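**Student:** Could you look at this predicted model? Sequence included:
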Amino acid sequence: MTTLVSDTALVFGRYARQTLRSKMQIFFGALMPVLYLLFYGPLLTAMPLASRGSSWQVLVPGLLLQLGLFGAAFCGFAIIIEKQHGVVERMRVTPVSRLALLLGRVLRDAALFVFQAVLVILVALAMGLRAPLPGILIGFGFVAAMTVSLASLSYALALRVSTPQSFGPLVNAVNMPAMLLSGLMLPMSLAPGWLNVLSHFMPFRYLVDAVRAAFVGDYGGTAMLYGVLVTAALLLASVATGTRLFRRAGA
Amino acid sequence: MAVISTAGLARTFDTKRGPVHAVRGIDLTVEAGEILGFLGPNGAGKTTTLRMLTTLLAPTGGAATVAGCDLLRDPVGVRRQTGYVAQSGGVDPSIRVREELVTQGRLYRLSKAEAEARAEELAHELNLTGLLERKCAALSGGQRRRLDIAMGLTHRPAVLFLDEPTTGLDPGSRSDLWDLVRRIRAQWGTTVFLTTHYLDEADALSDRLVVVDQGRVVAEGTPTALKTRYAGSPDASLQDTFLAITGRGVAPQDTTPIAV
C-alpha cells in the first residue's frame, strides 16, 4: 500500500513536471469553455432553462464536464508518443506498480482539469454565475472523477492502437454522441420523450444532472444519488480496464 | 550456475486468421557472467522470447527461471534483477538526462538520495557526465545508446537484456558499444543476453550463440563450435554457418522500432 502511494507519487511527479513545463497546455484547455461562457452563455440568459436558479447554473456545470470529456478523452495521445519512444515498456519492466503507472498519469490529468475548471468558474462568476460554494466544490469533484475514468479509458485505448491517426477519429466517434446525449449544452429536460429516454443510457448524463443539482444547492436528491453511483461504477470499471492494459499492454 | 533457464517457453498469438505460433518452445540456459548472442532470421521469435523473459509478455506455455525467480509466479522478482534495453530505447526526448536517470532509479525503488548518487555514478561510468543537463533529444546516436544502457543498469541488475543494441549506429559508435558491453560484464559480472542482426557483432561479443528459427532453438554453442560443426571449419564465416543452419541468412532488417 505504501509502495502504491510512493509509486503513484513518483509517476505523478514525472508527468506533473512535464505539464508544468508547458504553460500553453495548462491554460489552453480552459479556452474552449471560456469562449462558450463569453459568446454562448449570454444567449441563454433570457431562456427558461432552469426550474430553479439561472441559466448560468445550467450552463456552467455542462461546461465543466465538457472540459473533462474533451480533455480527458484525448489524454491517450501522449501515451502513443511515449510508446513510440519505448517509455511505456521501459517503465513496465521496472517493479513499479501497474496501478501506479495508470494512477500517476490520470491524477496528473485530474489536477490539470480541475485547475482549468477553477479558471472557468472564475470567469463564470464574472459573467453572472451565482452558485453555493459547496455546490461548486462538488462540481470540481465530479470533474476530477470524470477525468480519472475517461483518461483511464483513453490510455487503455491508446495502448491498443498504434498510431495517433487511428486514435483521434475513434475518440471523436465516442465523444460527440457522449456530449450530445448527456445534455451538456442544454438540459435533457427540454428533449422530446424518445431523446430523453435515449440519453438515460449515456452514463455522463447522470454526472451532468448531479452537478446541475449541486449548483442549485440540492445535495440530497435523486440526481446527486444517481450521479455518485454512476461515477463510482465508471471509476471502478475504467481504472480496472486501464490497469489491466498496463499489466499486459498487448497489440 | 544458470542465470536463465527456460523449458518449452512458448507464445501463441490469437489473430483473426487463426493462432500464430511465434515461439513454439524454447529450451535454453544462460550461465552467470556469460554474454549470450540470441540470433535468428526475421520472424524467428527473438523479440517475442525477449519480451517474455523481461515480463513484458505472458508466455502461453512452458516455464522459465530468470535470476533465481520464476517468470510466471514472481515477475516482480524478475524485474528487480534484470535490466532491459529495448531497440527503441526508452527515454523521453523532452526530458533532461539527469531527470530520466533519477526517475529510473526511483522506479527501481532506490531512495531519492541513492537515485541521485547512482545517476552521477552511471554518468561517470558510461561517459555521460557532461550531458546530464541536456535534453535526451540533444544527444547523438552513440550517446543516446549509452544513456539507454545506463537506464538499464540503474539497479545493478544480474542480467542485462539488449535488443539489437547497435542498430542504426555508425561504425565507431558500434565498436565503442561493444567495448562497453564487454566492460559491463568484466566490471560487474553482469550476464548479457543480446539479440542482434549483425553477425560480426555476434561473433565479436558473444561467448555463446543460440540460434532460433521458426520459434525453436535450432543450434547453440560457441561461435567457433558452430562454425566447425555446420560450416566445416572454425575459420568459416558466421554467415555461411547461418546459411547452413537455417537455410537463410540473417539479413539486417530495417530499423523500425517495435511498437507495442
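**Tutor:** Arrived safely, thanks for sending.
**Student:** What segments of the chain are helices?
**Tutor:** Since no chain was named, I'll use chain A. Along chain A, counting by DSSP state H, helices occupy A:2-20, A:23-28, A:31-39, A:41-44, A:56-73, A:76-84, A:87-92, A:98-127, A:133-160, A:164-181, A:193-199, A:203-215, A:222-247.
**Student:** try again with chain B
**Tutor:** Ranges of helices within chain B are B:46-53, B:75-81, B:97-107, B:112-125, B:141-153, B:171-188, B:199-205, B:223-231, B:238-246, based on DSSP H.
**Student:** Include mean pLDDT, mean neighbour count and distance to chain A when you put those into CSV, please.
**Tutor:** For glycine as for every other residue, the C-beta is placed from the backbone atoms N, C-alpha and C. Formatted as CSV, these follow (pLDDT from 0 to 100; neighbours: other CB atoms under 10 Å in any protein chain shown; distance: least, CB to the nearest CB, whole Å):
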stretch, mean pLDDT, mean neighbour count, distance to chain A
helix B:46-53, 93, 25, 8
helix B:75-81, 95, 19, 5
helix B:97-107, 96, 24, 4
helix B:112-125, 96, 16, 10
helix B:141-153, 95, 22, 7
helix B:171-188, 93, 15, 17
helix B:199-205, 89, 20, 20
helix B:223-231, 88, 18, 29
helix B:238-246, 84, 19, 28
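**Student:** Let me have those helices in TSV, extended by distance to residue A:78.
**Tutor:** Output for these, formatted as TSV (distance: least, CB to CB, whole Å):
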stretch	distance to residue A:78
helix B:46-53	23
helix B:75-81	24
helix B:97-107	16
helix B:112-125	24
helix B:141-153	20
helix B:171-188	30
helix B:199-205	35
helix B:223-231	44
helix B:238-246	41
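**Student:** closest to residue A:194 out of these?
**Tutor:** helix B:46-53 (50.1 Å; CB to CB).
**Student:** Next up, the contacts around residue A:85.
**Tutor:** Going by CB atoms under 8 Å, 6 or more residues apart in numbering or on different chains, residue A:85 touches B:88-93.
**Student:** Also residue B:162?
**Tutor:** By CB under 8 Å, 6+ apart, the contact list for residue B:162 reads B:85, B:149, B:152, B:181, B:192-195.
**Student:** can you check residue B:64 too?
**Tutor:** B:4-7, B:9, B:52-53, B:70-72.
**Student:** measure it to residue B:86 for me?
**Tutor:** As judged by CB to CB, to the nearest Å, residue B:64 and residue B:86 stand 19 Å apart.
**Student:** near chain A, from the contacts of residue A:85?
**Tutor:** Checking the contacts of residue A:85 against chain A by CB under 8 Å from any CB of the partner chain, the ones in range are B:88-93.
**Student:** Please report how far the residue positioned nearest the centre of chain A lies from residue B:219.
**Tutor:** Residue closest to the average C-alpha location in chain A (CA atoms, centre = their mean): residue A:68, at 2.5 Å. Residue A:68 sits 57 Å away from residue B:219, taking CB to CB as the criterion.
**Student:** Residue B:58 too?
**Tutor:** Plainly put, residue B:58 is 27 Å away from residue B:219 if you go by CB to CB.
**Student:** Taking chain B, what residue is nearest to chain A?
**Tutor:** As assessed by CB to the nearest CB, chain A sits closest to residue B:90 within chain B, at 2.9 Å.
**Student:** Near the closest residue to that residue other than its chain neighbours, how many other residues are there?
**Tutor:** Sequence neighbours aside, residue A:90 is the residue nearest to residue B:90 in space, at 2.9 Å (criterion: CB to CB, 6 or more residues apart in numbering or on different chains). By the criterion of other CB atoms under 10 Å in any protein chain shown, residue A:90 has 24 neighbours.
**Student:** before we move on, what about residue B:19?
**Tutor:** Counted with other CB under 10 Å, the neighbours of residue B:19 add up to 10.
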